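Engineer: sequence first, then the predicted structure, then my questions.
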Amino acid sequence: MKITGIKTRVVDLPFEKPIATAIHDMRSVGCVLLFIETDEGLVGESYAFTLNAVRIKAFNEMINGFNHHLIGKDPTSVNGIGQAIWREINPTGYQGLTISALSTIDTALWDLVGKIAGLPLHRVFGACRDSIKTYASGGLWLSQSIDELVEEAHSFIAQGFRSMKIRVGSSVIERDVERVRALREAVGDEIELLADANQAFNAKQAIRLGRRLEEFNLGWLEEPVDVHDLKGHTDVRVALDTPIATGETVYTRYGMRPLIEQRCADVLMPDLQRIGGLTEMQRVCALAATFDTPISTHIFTEQSLSIAGSAPNCISVEHMPWFAPLFNEAMTIKAGHIVIPERPGTGFTFSDETINRYRID
């Protein structure tokens, strides 16, 4: 089998209404959908995205710029193709667009490997479970009122979630405390609450807020300080009983290694697009496991299920509904867990209807 061509489509998926975190104002997600075609009719699929479709055409250009490493190659040569791209991007660097393009290509190739084998990827990688704990992340935004938070939390419970994440990071700490208190009172003690500060604080501010929030028994406090402030992360982690989660904006295993070695977090959150695809995600899982550090995958829920089903130290996946319209298939949630699909490859294929409706030139 040989790769005969690559095709991309660019879409922009609008949100029902604008949403906000401490550092984001979001109206949509722009996506580059990648299709790697073969001479036997099988197609590998994956995608990259940007908030509000900002610079999405640059992502498209970068992905298409590596077609010379794909055409005519055996699609099972995932590591060989990946290494060729890795060498080529050395002059432009190992963060940002270059890694996002590599990630997208790598994931599409693995999707093809699964389809060739007729197996879901978590079984290709070596399955360890059939379902994985998840948490609702598509709501409880900083821009919502307390009444809206409570209403949405009850909606998540009705959908089968037993864990959910609220955004914090207000300029007035008392406002964050009030919002978390109201949510805890609304959902009771049986529902897990997580909090995400989106890098809003310095270490002293994060510690101050974290101590105020400890009475609410949070599952974790996420990204309490700037991603580059490794000492700040460690200081917050040491000062609080609440676990610290971080890592979603870190690139490749080389970015994750100092977080692990300096004990910056109790939970690492690799993001498929930034980490380098499924190949690099597996390496990060193995590296974290040597330090007995769990991971929880960031966004890319559908594609990350293959890691969740094969990495013993993966404790959960983030359920982000933004990208659900892209796919013909839907995720199944049962008692707070997502069922890992048994369909070949990643188990998800792009919807022509969605492409035609939201495609941009």
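Structural biologist: Happy to help now that I have it.
Engineer: list the buried ones in the longest strand anywhere in the chain?
Structural biologist: The longest strand of the chain (DSSP state E) is strand 3-20. Neighbour-count burial for strand 3-20, counted by 16 or more other C-beta atoms under 10 Å, picks out I3, I6, T8, R9, V10, V11, D12, L13, I19. No exception for glycine: its C-beta is placed from N, CA and C like everyone else's.
Engineer: over to stretch 251-262?
Structural biologist: Y251, T252, R253, G255, M256, L259, I260.
Engineer: tell me the pLDDT of I23.
Structural biologist: You'll see I23 listed with a pLDDT of 86.
Engineer: sec struct for it, please.
Structural biologist: Secondary structure, DSSP: H, G, I helix; E, B strand; the rest coil: I23 is coil.
Engineer: bridging residues for the closest residue to S131 other than its chain neighbours?
Structural biologist: Excluding its sequence neighbours, the residue lying closest to S131 (C-beta to C-beta, 6 or more residues apart in numbering) is H337, at 4.2 Å. Beta-bridge partners for H337, by DSSP bridges, are K133, K334.
Engineer: please verify my assumption that H337 contacts K133.
Structural biologist: Yes: using C-beta atoms under 8 Å, H337 is in contact with K133, at 5.6 Å.
Engineer: circling back to that earlier point, and of the buried residues of strand 3-20, the nearest to A286?
Structural biologist: Closest approach to A286 among those (C-beta to C-beta): I3, at 27.7 Å.
Engineer: can you give me the strands for this protein?
Structural biologist: For the chain, the strands defined by DSSP E cover 3-20, 25-38, 43-51, 131-136, 163-167, 192-196, 221-222, 244-246, 267-268, 295-297, 314-319, 333-334, 337-339.
Engineer: pipe these into CSV and attach distance to F66 per row.
Structural biologist: What follows is the strands of the chain, written out as CSV (distance: least, C-beta to C-beta, whole Å):
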stretch, distance to F66
strand 3-20, 8
strand 25-38, 10
strand 43-51, 13
strand 131-136, 31
strand 163-167, 34
strand 192-196, 33
strand 221-222, 33
strand 244-246, 30
strand 267-268, 28
strand 295-297, 24
strand 314-319, 28
strand 333-334, 36
strand 337-339, 31
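Engineer: for those, which one sits closest to E148?
Structural biologist: Nearest to E148, of all the strands of the chain, is strand 3-20, at 10.6 Å by C-beta to C-beta.
Engineer: now do the closest one: which elements does it pack against?
Structural biologist: If you count contacts as 3 or more C-beta pairs under 8 Å, 6 or more residues apart in numbering; DSSP states H and E, strand 3-20 packs onto strand 25-38, helix 56-64, helix 352-358.
Engineer: quick one, which of these is nearest to V150?
Structural biologist: Going by C-beta to C-beta, the one of those nearest V150 is strand 25-38, 21.9 Å.
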